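Student: Starting from these lines, generate the structure:
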Amino acid sequence: MEWINDKLLNFASVLDEEAKLQAERTASLPFVHPHVALMPDAHVGLGATVGSVIPTEGAIVPAAVGVDIGCGMVAVRTQFSRGLITRGGRSDLRRDIEHQVPLSAGHFNTAVTPTAQARIAQLEGRAAAAGFDPGVYAANWRLQLGSLGSGNHFIEVSSDENGQVWLFLHSGSRGVGNRLAEHHIGVAEKYCDARGIVLPGPGLAYLREGTPEFARYVAELGWAQEFALANREEMMDRLVAAVGRWTGLPVHELERINCHHNYTVRERHYGRELWVTRKGAIDAATGVAGMIPGSMGTPSYIVEGKGFAPSLRSAPHGAGRRYSRRAARRMFNQAQLRQAMEGIEYRDSAAFVDEIPAAYKDIRSVMDDSRQLVGIRHVLRQAVNVKGD
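Tutor: Below you'll find the predicted structure:
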C-alpha cells in the first residue's frame, strides 16, 4: 500500500506509468472524496483506470462506471467431488453448456425461455418504475437475458482445495447495458461542454447530483445493474441444469455467491454519504463473500471481505491485464495457449490467444497484494472452461 498523493492510494505492486497518470487525473476531480483507491489488478482503461474505486460527492462520472454496467460474477458450490469432473466426457458437458448459453458479442436467445420469464417480468416492472423503456437502447433486450458475451467473460466448472465442485461464471449487462452507458456518457460530455467545464483528462465528463440528467442516469444505471445480476442468475440456472444432465444427478446448491465489479452504489465512508464507483473492484466489506477470478487457465478465489477502510472496503476483481489484446496477439500463439490450458477442457481456438494467462498479471501476486483487503476461503482450479469468441 502506498500513497501516490493525498488523493490517490495504490495497492498494486505492479502499476505501469500510464495507469498511474490516468488514476491521478481521475483523483484530481474536485468532487472526489476522500481518495481514489487503486486495486492490485489496476491497469489502463477507458474513462478511468480498471481496478479503481472512485468515491464522489454530488457527482458521478458515467465513463468511469464503464459500458459493461453491472459486470460481475456468480458462483455455486455443489455437492459433487473432483473425481466427477476429471473423468472422461467433459467435452460433452462443454458442448451442452455452449448450446444452452448464447456466446460471443451480438449473440442472444432466439426466444424467451421459460426460466427467463419471471426475471424479465421483474425487469419490466423495474423499468416502468424508473420511467423508461429499455427497448429504446436494444429492442431485443429480453432475448439478451441469459447470454454470455465475449472478451474475458467465461463459464467454468472447477474444484476447490477440498475437492468440492464449483460452478462459476462472469458476465454483465450485455448490449442493452452497453448502449445505455454510451448514451449517458454522451449526455455527460454535452453537460460539461455546455457549462465550459475543463476536465483533467478524456473520459471524465460527469453529471451533477440534483440535475435531471443525473437523476435519469442513476435510474437507468440501477436498472442495468439489476439486468446484469438477472443475466448471471439465468445463465447459472442453465449451467446447473447442464451439469445435472451430464452427471445424471440433481445438483444441490450448497452456496450461491453473486457480486458486481463494475457499478455505482451509495455508501457511507469517512463520515460522508458518497457515490462509490467500483470499476473493476468488488465489495469487500467485513464478512461479505466475493469472487476474484484468475485468467483463463489459472486459479480463481472465493474470498471474504475484511472491511479495510482505506481501500473503501473494496478488493480487486481479477488478475488485471499486463498486455492489451492487440499486443497479446502479437506476443503469443495458439500453441502456447494449448500448453497453458493443459488438462482443462476448452474450445481450442486461436480466437482466445489474447486471453492467455501470460497476457495478465500473476493472480497469485494480485492476491498477495490483497492481504489487507480479503481473506481467502477457497482456491478454485478449472476443469471445464467456456468462452465466447
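Student: from the middle of its chain, how far away would the lengthiest strand in the chain be?
Tutor: For the chain, the longest strand by residue count, based on DSSP state E, is strand 374-386. Computed by C-alpha atoms, centre = their mean, to the nearest Å, the chain-centroid distance of strand 374-386 equals 16 Å.
Student: ok, now stretch 332-347?
Tutor: On C-alpha atoms, centre = their mean, the centre of stretch 332-347 falls 23 Å from the chain's centre.
Student: Buried residues in it, which are they?
Tutor: Buried residues in stretch 332-347, counted by 16 or more other C-beta atoms under 10 Å: 332, 337, 340-341, 344-347. (Each C-beta comes from the backbone N, C-alpha and C, glycine too.)
Student: who does the longest strand of the chain touch, helix- and strand-wise?
Tutor: Packed against strand 374-386 by the contact rule (3 or more C-beta pairs under 8 Å, 6 or more residues apart in numbering; DSSP states H and E) you find helix 82-85, helix 90-100, strand 154-159, strand 164-171, strand 289-292, strand 300-305.
Student: and with 7 Å instead?
Tutor: helix 90-100, strand 154-159, strand 300-305 (3 or more C-beta pairs under 7 Å, 6 or more residues apart in numbering; DSSP states H and E).
Student: Adding distance to residue 366 and mean neighbour count as columns, could you present these in JSON lines?
Tutor: Output for these, formatted as JSON lines (distance: least, C-beta to C-beta, whole Å; neighbours: other C-beta atoms under 10 Å):
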{"stretch": "helix 90-100", "distance to residue 366": "27", "mean neighbour count": "17"}
{"stretch": "strand 154-159", "distance to residue 366": "17", "mean neighbour count": "25"}
{"stretch": "strand 300-305", "distance to residue 366": "9", "mean neighbour count": "22"}
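Student: On the three-state scheme, residue 51 is what?
Tutor: strand (DSSP: H, G, I helix; E, B strand; the rest coil).
Student: Next, count neighbours for it.
Tutor: When neighbours are counted by other C-beta atoms under 10 Å, residue 51 registers 32.
Student: my read: it touches residue 282, true?
Tutor: No. Residue 51 is beyond contact range of residue 282, at 10.6 Å (criterion: C-beta atoms under 7 Å).
Student: Tell me the pLDDT of the closest residue in space to residue 202 that isn't next to it in sequence.
Tutor: Once flanking residues are discounted, residue 202 sits nearest to residue 47: 7.9 Å by C-beta to C-beta, 6 or more residues apart in numbering. Note on residue 47: pLDDT of 80.
Student: give the contact list for residue 47.
Tutor: Applying C-beta atoms under 7 Å, 6 or more residues apart in numbering to residue 47 gives the contacts 61, 63-64, 66, 203.
Student: Mind listing what's buried along stretch 229-245?
Tutor: So, applying 16+ other C-beta under 10 Å, buried residues of stretch 229-245: 229-240, 242-243.
Student: Just these: which are in helices?
Tutor: 229-240, 242-243 (DSSP state H).
Student: Distance to residue 21 and pLDDT for the residues you listed - can I get that in TSV?
Tutor: Shown next, in TSV, are those (distance: C-beta to C-beta, whole Å; pLDDT from 0 to 100):
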residue	distance to residue 21	pLDDT
229	34	98
230	37	98
231	34	97
232	34	98
233	38	97
234	40	97
235	37	97
236	39	98
237	43	97
238	43	97
239	40	98
240	44	97
242	45	97
243	45	97
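Student: Give the buried residues for stretch 312-327.
Tutor: Buried residues in stretch 312-327 (16+ other C-beta under 10 Å): 312-323.
Student: what's the span of that stretch from first residue to last?
Tutor: 33 Å (C-alpha to C-alpha, to the nearest Å).
Student: Quick one: distance of stretch 268-280 to the chain centre.
Tutor: Distance, centroid of stretch 268-280 to centroid of chain: 18 Å (C-alpha atoms, centre = their mean).
Student: oh, I was asking about stretch 30-41
Tutor: That offset, for stretch 30-41, works out to 18 Å (C-alpha atoms, centre = their mean).
Student: Touching, residue 142 and residue 119? I think so.
Tutor: No. Counting by C-beta under 7 Å, residue 142 does not reach residue 119; the two are 9.6 Å apart.
Student: quick one, helices of this structure?
Tutor: Using DSSP H, helices in the chain cover 17-27, 62-65, 82-85, 90-100, 114-130, 141-144, 174-194, 212-247, 325-331, 334-340, 363-369.
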